[in-house]
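Asks: Could you work out the structure for the sequence below:
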Amino acid sequence: MLLRSSSAPAPASLRDTDGYLPLARYGALGDGRAVVLSGADGSIDWWCVPNMDSPPLFDRLLDAGQGGYFAITPAEPFTSEQRYRDDSNVLETIFTTATGRAKLVESLNSGTAGRLPWAELARRVEGLDGRVAFTLTLRFGRRADTVSPYFARAGGHDVFHVGAVLGLVRCSDNVAIERQGDEGIDGWIAVGPGERATIGIVAGADEPLVVPTIEAVDERIDLSDKEWRDWTQRLHCVGDHRATAIRSALALKLLLYSPSGAIVAAATTSLPERIGGNKNWDYRYAWIRDAGYTIKAFLRIGALGEAKAGFTWLLKRLGEGAPRVCYTLAGDRVPDERRVDLPGYRGSQPVVAGNLATNQHQHGIYGDIFETAERFVACGNILDSTSAETLSHLADQCADRWRQKDAGIWELEEVQHYTMSKISCWQALERAVELADAGQLPTTCRDRWARERDRIMDWIGEHCWSEERGAYLCYPGADGLDASLALAVRFRFDGQDRLARTLDAIDRELGAGAYHYRYTGMDKEEGCFLACTFWMVEARAILGQHDRAAAAFDAAMAGLADGVGILPEMIDPKTHEYLGNLPQGLSHLALIQAIATLNGTQL
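Replies: From the prediction side, this is the model:
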């Protein structure tokens, strides 16, 4: 029975007047190759097919007026509650209307042997109480009007084409399709108690297309759920905040690109660090820094397969020549940044593809690489001779280059003698010495590394410490502070007294409510950086300030309560509005490290 046609007035919306949904109202789906963002109103607004760094099939996230999306939304006013199934990346949204309740279950499906060799998005509507009618609207993105989607008949099926992407929409018999054309599909669904309807999209790019039955697509929703739960059960997440740690582990798993082992920094591009601002970046690439930190987080929770895959990818890139700040998911050079002619999230310009960091040098990569290698070995694993040779050459390079200026951890245009960069060089050589002493690296240059390490320590103490400020400065002679210096505690940098005083200074000068800005002056340009706050929590816990660390952690988590566990890069400290790209790997891995340290597990 048709309760409402697709041409009926739209229901009350969770969106603003321009059609944008708050970022906190999105959940993420993934299959080890791509990530989907699905809103609490039943609209999928972001999906790059087939890979995370491919052009988007749905891009309403960046163009509410003309962007592509796939919405299954109640046909009358509703409230909704979005949540994940326990220990899973299968997402559920409960819709309540005046006539009943229904559940939308969503998955980017996998199979019994892991990731499917095609993209398969599955959406199931289940009736709970009464009767609920849904409108179905599917519009393909036009990639800033560089492609024009169309349908073509092939093999008895209507195949959609969007550039190189081709695919099928598969539906159960009780899904009514009212209109299908090149611009998209309109239809409706109505379910009562115990009734269900399933819609799936099967897609690929420049490859043969598999045509599964809708029954098989539906069955793989629950199969995927089981695969996620089997994975989480093997993790070493115990103690307080276990569910939060598991949720962040699942988010990090979404960011591991399984074909290569690369770890993407975030699954989106151009989401603003301040609404209406111009600090909008493409994070759909693999940074040495983010990969190293994520590998350590995987090691800490016992996800050895993921840690090994990421570490192997990292070492292969390093063995190919001088290390870059970031790489494509295939391991190539990241393309230079270019503008994309889209309005941007809530009018925030520019929308970009590519990243400027590809041309930078950051000393931090040395510390990140060697800390990752040391953690890998500390967990009982072994380096091969080729990897050991690669690392030895990098230690020599660090020993030669540490006196140079660089772009710093925050990838700044002004090259400077950033304190955190010098600490990262110290960290690299300290870990290199430890690895050599453990028989994991050749000892030929071991003593040279030790001498340079000590010179770096002396240089930092002479040039970067300010007794007047009671803190390490952002760089020698600077007025400002840098919240990333909280990481130096984990790195075991100094006698801890100066670091403890630095943490207090960071709280005083960079703190805003429960959160922290990255460095001095950022309160005028962007939100607070979530990873910095969790680094502060971890640092205080390591220094024995457990009660203070626990209180800071609880305050930070309280401000994130509106979401479903998918963290952005930043947050507005006053409104708690999510800012920046998401899911953001640095935020999730910093949260995992903070929880593990609060629980007293081994570093």
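Asks: Quick one: end-to-end distance for stretch 299-310.
Replies: 11 Å (CA to CA, to the nearest Å).
Asks: One more: stretch 26-42?
Replies: End-to-end span of stretch 26-42 (CA to CA): 10 Å.
Asks: mind starting the numbering at 92 from now?
Replies: From this message on, residue numbering opens at 92, which makes the last subject stretch 117-133.
Asks: so Ala681 sits right up against Ala630, yeah?
Replies: No - contact criterion CB atoms under 8 Å: Ala681 and Ala630 do not qualify, at 10.9 Å. Placement of C-beta: from N, CA and C, glycine included.
Asks: List the strands paired with the one helix or strand in the chain whose mean pLDDT sits lowest, with their directions.
Replies: Within the chain, no helix or strand scores below strand 205-206, which has a mean of 80 by mean pLDDT, DSSP states H and E. Strand pairing for strand 205-206, determined by DSSP bridges: strand 201-202 (antiparallel).
Asks: ok, residues contacting the partner strand?
Replies: 122-123, 207, 311, 314-315, 318 (CB atoms under 8 Å, 6 or more residues apart in numbering).
Asks: Could I get the average pLDDT for it?
Replies: Along strand 201-202, the predicted confidence averages to a pLDDT of 88.
Asks: can you check stretch 605-620 too?
Replies: Stretch 605-620 comes out with an average pLDDT of 97.
Asks: could you dump that stretch to CSV, C-alpha only?
Replies: Once non-C-alpha atoms are left out, stretch 605-620 reads as follows in CSV (Å, rounded to 0.1, in the frame of the first residue of the first chain):
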residue,chain,number,x,y,z
ALA,A,605,38.0,20.5,28.0
TYR,A,606,40.0,20.8,24.8
HIS,A,607,43.2,22.3,23.4
TYR,A,608,44.3,24.3,20.4
ARG,A,609,47.3,23.0,18.5
TYR,A,610,49.5,26.0,19.1
THR,A,611,49.4,29.7,20.0
GLY,A,612,47.1,31.8,17.9
MET,A,613,44.9,29.0,16.5
ASP,A,614,41.9,30.0,18.6
LYS,A,615,41.3,32.7,15.9
GLU,A,616,41.5,30.2,13.0
GLU,A,617,40.2,26.8,13.9
GLY,A,618,38.7,24.5,16.5
CYS,A,619,40.5,22.5,19.2
PHE,A,620,42.5,19.5,18.0
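Asks: which of the residues in that stretch are buried?
Replies: 605-611, 613, 617-620 (16 or more other CB atoms under 10 Å).
Asks: now do stretch 208-222
Replies: 209-219, 222.
Asks: With distance to Glu525 as added columns, please give those in TSV.
Replies: Formatted as TSV, the buried residues of stretch 208-222 follow (distance: CB to CB, whole Å):
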residue	distance to Glu525
Trp209	45
Ala210	43
Glu211	46
Leu212	46
Ala213	48
Arg214	50
Arg215	52
Val216	56
Glu217	55
Gly218	60
Leu219	57
Arg222	66
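Asks: now these in TSV, with distance to Gly401, pLDDT and secondary structure?
Replies: Listed next are the buried residues of stretch 208-222 as TSV, based on distance: CB to CB, whole Å; pLDDT from 0 to 100; DSSP: H, G, I helix; E, B strand; the rest coil:
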residue	distance to Gly401	pLDDT	secondary structure
Trp209	24	95	coil
Ala210	22	97	strand
Glu211	25	98	strand
Leu212	26	98	strand
Ala213	28	98	strand
Arg214	30	98	strand
Arg215	32	98	strand
Val216	37	98	strand
Glu217	37	98	strand
Gly218	42	98	strand
Leu219	40	98	strand
Arg222	48	98	coil
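Asks: List just the nearest of those to Thr481.
Replies: Ala210 (34.4 Å; CB to CB).
Asks: shouldn't that closest one be in contact with Pro141?
Replies: Yes - using CB under 8 Å, Ala210 makes contact with Pro141 at a distance of 5.1 Å.
Asks: Mind listing the shared neighbours of these two?
Replies: 124-125, 294-295.
Asks: Just the buried residues from those, in PyMOL please.
Replies: Remark: buried members of the shared contacts of Ala210 and Pro141, expressed as a PyMOL selection using 16+ other CB under 10 Å:
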select buried, resi 124+125+294+295
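Asks: can you redo the shared contacts of Ala210 and Pro141 as TSV with distance to Phe149, secondary structure and pLDDT?
Replies: Output for those, formatted as TSV (distance: CB to CB, whole Å; DSSP: H, G, I helix; E, B strand; the rest coil; pLDDT from 0 to 100):
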residue	distance to Phe149	secondary structure	pLDDT
Arg124	16	coil	96
Ala125	11	coil	97
Ala294	11	strand	98
Gly295	16	strand	96
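Asks: now, among the shared contacts of Ala210 and Pro141, which is nearest to Arg560?
Replies: Looking across the shared contacts of Ala210 and Pro141 and measuring by CB to CB, the closest to Arg560 is Ala125, at 46.1 Å.
Asks: what stretches of the chain score poorly on pLDDT?
Replies: 92-103, 693-694 (pLDDT under 70).
Asks: Now with 90, please.
Replies: For the chain, the stretches flagged by pLDDT under 90 are 92-105, 202-206, 274, 328-331, 409-414, 447-451, 585-587, 653, 691-694.
Asks: The closest residue in space to Val431 that isn't next to it in sequence: how many residues sit nearby?
Replies: Spatially, and ignoring its direct neighbours in sequence, Val431 is nearest to Val442 (4.4 Å; CB to CB, 6 or more residues apart in numbering). By other CB atoms under 10 Å, the residues close to Val442 number 22.
Asks: again with Arg429
Replies: By the measure other CB under 10 Å, the count of residues near Arg429 is 10.
Asks: go on, Thr304?
Replies: 10.
Asks: cool, and Gly412?
Replies: 7.
Asks: for it, helix, strand, or coil?
Replies: Counting by DSSP: H, G, I helix; E, B strand; the rest coil, the backbone at Gly412 sits in coil.
Asks: can you give me the offset of the least confident helix or strand of the chain from its chain's centre?
Replies: Averaging C-alpha positions (CA atoms, centre = their mean, to the nearest Å) puts strand 205-206 20 Å from its chain's average.
Asks: which residues sit against that strand?
Replies: Against strand 205-206 from outside (CB under 8 Å, 6+ apart): 122-124, 318, 349.
Asks: Tabulate the residues you listed (TSV), appending distance to Ile597 and secondary structure.
Replies: Formatted as TSV, these follow (distance: CB to CB, whole Å; DSSP: H, G, I helix; E, B strand; the rest coil):
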residue	distance to Ile597	secondary structure
Asp122	39	coil
Gly123	37	coil
Arg124	38	coil
Glu318	41	helix
Ser349	37	coil
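Asks: Which members of those are the farthest-apart pair?
Replies: It's Arg124 and Glu318 that sit farthest apart of the contacts of strand 205-206, by CB to CB, at 14.5 Å.
Asks: tell me which of the contacts of strand 201-202 is nearest to Phe467?
Replies: Taking those together and measuring to Phe467 by CB to CB, the closest member is Gly123, at 21.5 Å.
Asks: ok, the closest one to Trp322 distance?
Replies: Computed as CB to CB, to the nearest Å, the Gly123 to Trp322 distance reads 11 Å.
Asks: Please enumerate the shared neighbours of these two.
Replies: The contact lists of Gly123 and Trp322 share Lys344, where a contact means CB under 8 Å, 6+ apart.
Asks: any idea how far Gly205 is from Lys344?
Replies: In terms of CB to CB, Gly205 sits 12 Å off from Lys344.
Asks: Counting neighbours, go ahead and name the busier of these two.
Replies: Lys344 (20 against 11).
Asks: sec struct for the more buried one, please.
Replies: For Lys344, the assignment made with three-state DSSP gives helix.
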